[in-house]
Structure formats: structure tokens, C-alpha cells
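Trainee: structure for this input, please:
(chains A and B)
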Amino acid sequence: MKITEIFNKKNRLLLKAMVSTDFKLRYQESVLGYLWSVLKPLMLFAIMYVVFVRFMRFGADVPHFAVALLLGIILWNLFNETTTGGMLSIVGHGDLLRKIYFSKYVVVVASSMSALINFGFNFIVVIVFALINGVKPSWSNLLIVPIVFELYLLALGIAFFLSALYVNLRDLNPIWEVVTQAGFYATPIIYPISMISSKAGIYGPIFAKLDLLLNPMAQIVQDARHVLISPANPTLWEWESNFFIACWPVVFSLLIFLLGLRFFTVKSKYFAELV
Amino acid sequence: MKFSNKTDSLPEDVALRVSHVSKDFKLPYEKTNSLKGVVFNTIRRQNGYTIQHVLKDISFEIKKGDFFGIVGKNGSGKSTLLKIISRIYSPNSGKVQVNGKLVPFIELGVGFNPELTGRENVYLNGAMLGFTREEIDDMYDDIVDFAELGDFMEQKLKNYSSGMQVRLAFSVAIKSQGDILVLDEVLAVGDEAFQKKCQDYFFEAKREKKTIILVTHSMSDVRKFCNKAMLIQDGVISKFGMPDDVASAYSDYFLEQQQKAVQKDNEAVRLEHGNGIRMVDVQVTTNGRSTQLLDINQNFTIKIVFECDRDIPRGVFAINLIDQQGRVALATSNKVNSDKDTFTKGRHEIVFEIENVLASGDYHVNIAAASGNDLLLKQSTVYQFQVRKAKLYDQSLTHPRISVKLI
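Mentor: Numbering: from 1, shown residues only, chains lettered A, B, ... in the order given. Model prediction:
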């Protein structure tokens, strides 16, 4: 079994069928329907904006921080939905896996696709919001594409790993919930990375740099803000003169993807017996 | 995974080849899929599980156009084999090669999504089986027709009765244009009319030389539909070949198990005594050997040993053969020969030689002894035996010897 199998015709069709089913079912009984996939992050944003930006004055020194906050939230949403949805996807399809053979990769990728589609809607909102806020568009904005791709690979790798592990270890669901909660605060979303440097004492700059180095999500969010909103958002590329060290978060993400995929491939042989 | 879809390694006329497939299951003493369980078991160093060898080195081949039956008792490994053939499980060792598209119908149905309509489910299912939208378009009407669910296809599946769901799933399986159809215990699907329809479909499929693998407990289905079959016992193929032979081997195996149980029962019977008479032994014998199983028309002897403490004038010793519905199939006694016998003090042996005209089925022997009209002792079910099914004339109540002349 190889990941490339998801690109053959049969699995492309299956992927399409599963994604459209998922899409159809997600907001089936709700009045506002798909609108919720945009409304939910917007409402979340409104709360965080009032609490952290208005009351606590986070990011007052960063231009367009409100847009940066919204962008951070939807990037994190993509990560959260892909990993959590992916984790539950194999067990959720257990009934099918016991009755019929089909590519297991497709199950996880299909659930990630739904998250990606959601992200697409939300991203449009961010663009509109940014333009209203007076962010100047430029060609360098296009760099967001490889950054989102990096985020997607990272999240998908983790989703592969978690979904395979979840088959044997059902405690993973609450554990992962706590981990993502911690990750949310460890990533500069509600606060700008400059806040770590300035507010964490003399080791502040080191902490900020370590966060960007060891937390790929921090690097991704910062890079996205940098290329899309304002170069005033510092990135590891600026802070680290050694090119290879600066590359580390990207390599790290890729490594997580490959290891997660490998783990999934080995374990997927026995999914049908274990779920 | 050693699994090949390449046709070049299989001859053109072979649909499926299973070579040296083995499968083990780890059966944990206590299933742990929680962190607590894992931690505790690690601490106690107790990764307690037993390994169950479900399939042991299975090899066979199915030709294109075969209607292939797989039989075996529960837990013999046939469903596991089916899942390995369908690629749902992967074998620990060995290889399965498939020529063409395989459509499974396992564990009563393919998983449907209750929130989708019947139509959407058919298309989703088709995609899972590897069909394109156009291919499903082509077979859609056939599927709906066969399932007789034309009015319900736009309804959500959760509003279907369970019978309707299974009918739809089964129709998808058999009406989809796969090359090999794999069916597990399906002939109990739906109501009587639908079962009749399935039967008709099977006859048609057999005529049209479709490749079908059928797992079933019904030996009559194996005889009716299959042109080849195999019997799996304890993870090995114990019989492979003509459906009649395989079905007989399977029935014989059950009969043998049953016979062992009956023999045990017969040995455990405690014979009674009273009123000066004591039963010592009861046997049904053929050719001098005791038996629990008779063929149709196989004559037999009932031999009873008893002891009298005193002389019993006008002694009567009677036996009844009772069939499984509680009817007296045969009643006789020593008065057939004479009614003036005296059972003298001491040991006697009474022997009934019986011409066997009994229908197939289970029988038991009741005995009674009397002096004239005074009942001395009676006991029921002192011995059980069975008359084996004949291939022909199963419904007949008696089997007297008949000679037929055509002039």
C-alpha cells in the first residue's frame, strides 16, 4: 500500500464521493447551513478581538493586528479540524472497513479535504477583511500558498499518525483536545510573537526564537502574517542568519508528515480487525 | 501487503488464486484500548493474549465461471478467509491473486450512511466498490428494480426498515457489474418473495457462468447452486471438490458429532428394577454390533437382557419405538409368538429382529414387562437411535421393500 494510490482513478472518484457526502451532511439540518463554517470562526474572532485586542491591548504595536488575529484563528482552525477530524475518521468508518476493501488513505485525506474547503471559505473572508482594514495587496502575498501547503502537510501527517493510534488507544481523543488547547496558546495567535520577546524578561528573545524553531505552527502563522499582512510581523528567516537552521521548521513539518504517513501505512494493514 | 491485482501472473481462465494463506488472531484476555489498560498491563508485564490460528496454509484456485461454495461450522475460519479474499484482512503469510473486480457482500450488507438517501448511498457504495459514476448510472435501474425500492430511493436510509436496507445492499452487490461476487450467508435476506427472487437470480447466474463465491450453512443451497465446493474445518481445507461430496462430508461430520452425543446418552441410561424383575441391558444392533445410526432399510435387532427374581407366569415383554414427534412408530412384544410364556427365575435375553421400514429420523425405545395384565416395570427412552436420511423419497413415512416392474 502506498500513498500514491490515492491518485489513481478509483480512489480519486472515491475521494470526491466521500468529500461531497461529508460536505452535504455537515450542516444538513441547520438553518444557516454552510454559512456556519464562516460564521463560527468569525464569532470566535469577535470574542477574542474584544477580550485580547480591545481590553488587554495585545498587539497594539503591530499594524493590522485584528486581521493577523483572524488569519491566525483560521490557520489554527485548519490545523485543528484536520488533525481532530482525521484522528476520528478511521474509527468512524470502522463499520465500512470491516465490510469492504478500499483505500484507507482516502478516509483520512477526505476528512482533511473538508477542513481545507472550510479554510477556503474562511480565507476569502480574511482577504475581504484585510482589504477593508487597509492592507495593501502585493505579489509577495502569493507566498501564502506554499505556507498553507506546509501547514496542510504537517496537519495531515499528524492526522495519519493520530488516526492509526486512535484505533488502539481511545483515550487519545481527550488527550488531543488538551494538547491542541495548549498548542493554541503556544502559538502566536491571540498575541504577536513580539510580545514574547518584550514581556518575558531577559530570556524573552530566546523564548520567541525557540517557539518559532520548535513549534512549526508558530513559524507558519508568523510567516503567513508576514507575507500576507505586514512585514512588521517578524519571521525566523529574519531572526536566524544560518539558512539551514531557519529551514528547520519546514523540514520538521515534512518529517512529521513522512513519519505519520509511515506509521499509518504500517498500521493500516490491521485496521479492519481492530476497529 | 502481498496482494496482487496483476493479471499477468494468473492464467486467463483463473478468477482467484489463494496460495498458502495463513492468518492468526491475537486474542487478548482483556481487550485494552484505553490508556489505563495499557499502563496497567505494562506495569504488570501482562500483555496477555493467546494466538488463535484461524487459517493454516490454505491454497486453492477458482476458475472463471465457477459457482464456488465454502462450508464449515461456525468458527472454522470461512468468514476470515472470505475477508482475506476480499482484501479486508491481510494474511500473515501467503498470497491472494484476483483476476478482475471483486464485489463483496459480507456481514449482511455494505455499510450504508443512514443520513443519505437510497440513491446517494448507491452511488457512494458504487464508488467504494470502484465503479465510475457512469458505470453506476448504467446499473442503477437494475439495482432499484431488483431491490423493489423504486418509491423509496429519494428517502433517507434511516427511514428504511432493516429488511429494506439489506435488500438494497444485496441488490447493489449482485447487480453491480463486478467480475467476482463474494457472498457471505446471504440467503436469509428479506422476505419469502425476495428470497425466491434471490434463488432465481442464483440459478440464472449459474447458467450465465458468473463467478460467485458463496459461504453458506445450507447444504441444499450448495447442492443446488454450486459446481464446486470446499469444506473448511479448524482452518484447513478438509474436503474440496464436487458439491455433493462436500455437502455429504459436512453432514457426516455433524452426524458423527451427534452420534457421539447419542452414544454417550445411551451409555448413561440407568436401567431400573422392581416387582421382581431387573433390566440389565438394552442394545440396538446390526450385524451383531451395537449402533446408534441405521440406514434406510437396514434391518436391526433389539436385544434386551433382564433378570427375574422369581418365576413370572404369563410373562409379557413389550417394546415401543417412538419417533421424534412422540408417535408410536412400532409396538411389539413376545406375545407375537406365544402368550403362554413363563419367565423363569434367572437371566433371560429377548431378541426382536425387525425389518426396517422406518422413515428417516430420530427414535427412542421404551420397554415394559408384565405378568398377564399386571404391569411389573416400565421405562421409557432406554435407547436412542437415528435412521439416516436417504437421498431420495425423503418425505415417505415408511420404506417397505418395493420391487417395480415396467412391462
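
Trainee: any residues touching the helix or strand that A:M217 is a member of, and which ones?
Mentor: According to DSSP states H and E, A:M217 maps onto helix A:216-228. Here helix A:216-228 makes contact (C-beta atoms under 8 Å, 6 or more residues apart in numbering or on different chains) with A:68, A:71-72, A:75-76, A:79, A:126, A:130, A:135, A:140-141, A:143-144, A:147-148, A:150-151, A:154, A:183, A:186-189, A:193, A:211-213, A:233-237, A:249-250, A:252-253, A:256. Yep, even glycine has a C-beta here, placed from its N, CA and C like the rest.

Trainee: B:T301 reaches B:E355, doesn't it?
Mentor: No: under the criterion of C-beta atoms under 8 Å, B:T301 is not in contact with B:E355, lying 10.8 Å apart.

Trainee: between those two, point out the one with more neighbours.
Mentor: Between B:T301 and B:E355, counting by other C-beta atoms under 10 Å in any protein chain shown, B:T301 is the more crowded of the two (15 against 10).

Trainee: following element in sequence after the helix or strand that one falls within, please.
Mentor: In the assignment (DSSP H and E), B:T301 maps to strand B:300-308. Sequence order places strand B:315-323 as the next helix or strand after strand B:300-308, per DSSP H and E.

Trainee: just checking, B:F112 is part of a helix?
Mentor: No: counting by DSSP: H, G, I helix; E, B strand; the rest coil, B:F112 is not part of a helix but coil.

Trainee: list of residues touching the helix or strand containing B:E134?
Mentor: Following DSSP H and E, one finds B:E134 within helix B:133-147. Identification of contacts with helix B:133-147 by C-beta under 8 Å, 6+ apart yields A:13, B:119, B:122-123, B:126-127, B:131, B:150, B:153, B:164, B:167-168, B:170-172, B:174-177, B:197, B:201.

Trainee: filter those down to the buried ones.
Mentor: Neighbour counting by 16 or more other C-beta atoms under 10 Å in any protein chain shown classes A:13, B:122-123, B:126-127, B:131, B:153, B:164, B:167-168, B:170-172, B:174-176, B:197, B:201 among these as buried.

Trainee: which ones among these lie within helices?
Mentor: A:13, B:122-123, B:126-127, B:164, B:167-168, B:170-172, B:174-175, B:197, B:201 (DSSP state H).

Trainee: quick one: which of the residues you listed is nearest A:D22?
Mentor: The shortest gap between A:D22 and any of those belongs to B:A127, at 13.1 Å (C-beta to C-beta).

Trainee: tell me the confidence at that closest one?
Mentor: On the pLDDT scale, B:A127 is placed at 88.

Trainee: quick one: contacts for it?
Mentor: Counting by C-beta under 8 Å, 6+ apart, B:A127 has contacts A:13-14, A:16-18, B:133, B:136.

Trainee: how far off centre is whichever helix in chain B runs longest?
Mentor: For chain B, the helix with the greatest residue count under DSSP H is helix B:243-268. Its chain's C-alpha centre and that of helix B:243-268 lie 11 Å apart, by C-alpha atoms, centre = their mean, to the nearest Å.

Trainee: what of stretch A:262-271?
Mentor: Offset of stretch A:262-271 from its chain centre (C-alpha atoms, centre = their mean): 23 Å.

Trainee: tell me the buried residues in that stretch?
Mentor: Counting neighbours by 16+ other C-beta under 10 Å, stretch A:262-271 gives A:263-265, A:267-268, A:271 as buried.

Trainee: straight-line length of it, end to end?
Mentor: 15 Å (C-alpha to C-alpha, to the nearest Å).

Trainee: just the closest residue of the stretch 151-275 of chain A to chain B, please.
Mentor: Of all residues in the stretch 151-275 of chain A, A:D171 sits closest to chain B, with a separation of 3.9 Å (C-beta to the nearest C-beta).

Trainee: quick one: the helices in the chain?
Mentor: Reading this off chain A. Going by DSSP H, chain A shows helices at A:9-26, A:35-48, A:65-92, A:94-97, A:104-132, A:144-168, A:172-186, A:193-199, A:204-214, A:216-228, A:236-239, A:243-267, A:271-274.

Trainee: hm, I was asking about chain B
Mentor: Assigned by DSSP H, the helices in chain B fall at B:35-43, B:78-85, B:118-129, B:133-147, B:162-175, B:192-207, B:219-225, B:243-268.

Trainee: nearest to B:H399, out of those?
Mentor: Comparing the helices of chain B under C-beta to C-beta, the one sitting nearest is helix B:243-268, at 18.7 Å.

Trainee: where does chain B come near chain A, residue by residue?
Mentor: B:1, B:25, B:33-36, B:38, B:83, B:86-90, B:104, B:106-107, B:109-111, B:113, B:115-116, B:120, B:123-124, B:127-130, B:132-133 (C-beta under 8 Å from any C-beta of the partner chain).

Trainee: just for the chain, where's the confidence low?
Mentor: This is for chain A. Within chain A, the stretches with pLDDT under 70 are A:1.

Trainee: hmm, no, I was thinking of chain B.
Mentor: In chain B (pLDDT under 70), the answer is B:1-8, B:29-33, B:37-38, B:40-48, B:107-110, B:186-190, B:338-340, B:391-394.

Trainee: how many other residues sit next to the closest residue to B:D244 other than its chain neighbours?
Mentor: Excluding the flanking residues, the one nearest B:D244 by C-beta to C-beta, 6 or more residues apart in numbering or on different chains is B:R223, at 6.1 Å. Residue crowding around B:R223 was assessed by other C-beta under 10 Å; the count is 16.

Trainee: what's the answer for A:F207, then?
Mentor: Around A:F207 there are 15 residues (other C-beta under 10 Å).

Trainee: hang on, it packs against A:S198?
Mentor: No: taking contacts as C-beta under 8 Å, A:F207 lies outside contact range of A:S198: 10.9 Å.

Trainee: around chain B, which positions in the stretch 1-150 of chain A sit nearby?
Mentor: Counting by C-beta under 8 Å from any C-beta, the stretch 1-150 of chain A sits next to chain B at A:1, A:9-10, A:13-14, A:16-18, A:21, A:24-25, A:28, A:93, A:95-102.

Trainee: good, we can wrap up now.
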